[in-house]
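> build me a model:
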Amino acid sequence: MKQNAFHPCGQLFEQRRQPDRRQRYFKSLLVSLHNGRRMNARRQIEAKQGFYTDHYEKWVGFSVIAITLLSLLDAFLTLNILDRGGVEVNPFMSALLDIDISVFLVGKFIITVVCLLFALVHINFHVLRILPMKYMLAGITGFYVLLIGYELFLLTIM
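The predicted structure is shown next:
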């Protein structure tokens, strides 16, 4: 099938018989979210420098969901600790709490999700060219598990 041809005047014009598949942006997005094709680096230099992908390992998705849920649990445990006389040590979260509890909850959720989306998109890159983002994501998951354990311990002794 001919896609492009030259007009006698020298101008390029299309001779497509079917609609251009590249014009279906939304459908392409939905297909790539479900069935992404790019899983690995195409060249060695990409693997060293970092590369974008549209297909993730299952543990990465699990880790993103776990961090989101653990962050929400952290917010609710923090509110319980504050009700029992505790103090919020994070100055930014403390400022959100001073505004309103709902602002605190929504703010914490939005910050967590935006940071996780950034980490997910850059999962095959290195932080400061040293530490792979994959390890950072796993470390953050472990940190939240420890934080939840610490907050539960605080609640038992208060």
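> quick one, strands of this structure?
Listed in chain order, the strands of the chain (DSSP state E) span 4-6, 12-14, 126-127, 131-132.
> lowest average pLDDT across those strands?
With a mean of 49, strand 4-6 has the lowest mean pLDDT of these.
> so residue 74 makes contact with residue 147?
Yes: the pair residue 74 / residue 147 is scored as a contact, 6.0 Å apart, by Cβ atoms under 8 Å. Placement of C-beta: from N, CA and C, glycine included.
> which sections of the protein are below the confidence cut-off?
Along the chain, the parts satisfying pLDDT under 70 run over 1-52, 54-55.
> and the helices in it, which stretches?
25-34, 44-49, 58-83, 91-99, 101-121, 133-157 (DSSP state H).
> excluding its backbone neighbours, what's nearest residue 64?
residue 116 (5.2 Å; Cβ to Cβ, 6 or more residues apart in numbering).
> what's that neighbour in contact with, if anything?
Residue 116 is in contact with 64, 67, 68, counting by Cβ atoms under 8 Å, 6 or more residues apart in numbering.
> I figured residue 103 hits residue 96, correct?
Yes: between residue 103 and residue 96 there is a contact under Cβ under 8 Å: 5.3 Å.
> higher neighbour count, these two?
Shown here are residue 103 and residue 96; by other Cβ atoms under 10 Å, residue 96 has more neighbours (20 against 13).
> pretty sure the more buried one contacts residue 110?
No: taking contacts as Cβ under 8 Å, residue 96 lies outside contact range of residue 110: 10.5 Å.
> identify the contacts common to those two.
What both residue 96 and residue 110 touch, as defined by Cβ under 8 Å, 6+ apart, is an empty set.
> number of nearby residues for the closest residue to residue 81 other than its chain neighbours?
Nearest residue to residue 81, sequence neighbours excluded (Cβ to Cβ, 6+ apart): residue 154, at 5.7 Å. Counted with other Cβ under 10 Å, the neighbours of residue 154 add up to 15.
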